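1. Just need the structure, nothing else, for what follows:
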Amino acid sequence: MTYALGFRVKSGRAVAVALAGSCASPALLARCEVLLSDPAIHETKQPYHAGMGTAQEDPKTIARLVSIIRRCARTSIDQLLTDDRLTAGSCQGAALVVGSVIDPEEVGNPHIRAHAREGKLFRGVVEEALQANHVHCTVIVEKKLAAEAAKTLGRRDGDIKRMVGDLGRGLAGPWRADEKAAAIGAWIALG
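-> So this is what the prediction gives:
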């Protein structure tokens, strides 16, 4: 069995969905949250913020927090890939659905730049952890996800939304926009 992963990357965490099967008939294997920060160290959720609306400027503090984040991401991705639901197969690829890929250094506002740096950091640590496990990944900006899915999967947007909605019907708990975006990413990676 082969499967693909989709992630909706956020600050400090990611929603992960694993799909198996074919592009014509994907099947949900797993859905979970992947911690990319240390819950005991609140600052690891937003390492480029010193407080509400204030950018963190201390390089030693940032370096310490980034090191913790890298370790957390690697541990969480390793745990995901060794989850009992996935160990019977091999991961053929992953797609990371992100809010933006803007270069943080092109952002003039220090507070918005901090958010852009965090977006780049959390996307990067997931990529690094997957690559360390020999999983190829692609990055898709969420605003372009529907167009990319239609192109890659050769289906209309409405069909994709309906099928992704159906994937979550049997689950306990919510099947929210983040889960659906991660599922579409995994479906694209199956293709």
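2. Tell me how far the residue lying closest to Arg156 once chain neighbours are set aside lies from Ala94.
-> Distances taken as C-beta to C-beta, 6 or more residues apart in numbering place Ala150 nearest to Arg156, at 6.6 Å, with adjacent residues excluded. Bear in mind the C-beta positions are built from the backbone N, C-alpha and C, glycine included. The span separating Ala150 from Ala94 equals 20 Å under the rule C-beta to C-beta, to the nearest Å.
3. Those two: which has the busier surroundings?
-> Relative neighbour count places Ala94 above the other of Ala150 and Ala94, with 28 against 15, counting by other C-beta atoms under 10 Å.
4. and the residue positioned nearest the centre of the chain, helix, strand or coil?
-> In the chain, the residue lying closest to the centroid (C-alpha atoms, centre = their mean) is Phe7, at 2.8 Å. What DSSP: H, G, I helix; E, B strand; the rest coil gives for Phe7 is strand.
5. Quickly list what it is bridged to.
-> Ala16, Leu96 (DSSP bridges).
6. Check what pLDDT it gets.
-> Looking at Phe7, its pLDDT reads 98.
7. same check, this time on Gly173
-> 88.
8. Identify the residues contacting the residue located most distally from the centre of the chain.
-> Centroid-distance maximum for the chain: Asp58 at 27.4 Å, with C-alpha atoms, centre = their mean. If you count contacts by C-beta atoms under 8 Å, 6 or more residues apart in numbering, Asp58 has them with Ala50.
9. Relative to Thr44, how far out is the residue nearest to the centre of the chain?
-> 18 Å.
10. So which bits of whichever helix or strand Lys120 is part of are buried?
-> Assessed by DSSP states H and E, Lys120 sits inside helix 110-132. Within helix 110-132, the residues scored as buried using 16 or more other C-beta atoms under 10 Å are 113-127, 129-130.
11. Could you do stretch 2-22 as well?
-> 3-21.
12. just how off-centre is the helix holding Lys120 within its chain?
-> Relative to the centre of its chain, helix 110-132 is centred 11 Å away, using C-alpha atoms, centre = their mean, to the nearest Å.
13. what do you get for stretch 96-113?
-> Centre to centre, stretch against its chain (C-alpha atoms, centre = their mean), the figure for stretch 96-113 is 16 Å.
14. With stretch 11-20 instead?
-> The answer for stretch 11-20 is 5 Å, by C-alpha atoms, centre = their mean.
15. now swap in stretch 135-145 and tell me
-> Centroid displacement of stretch 135-145 relative to its chain, using C-alpha atoms, centre = their mean, is 9 Å.
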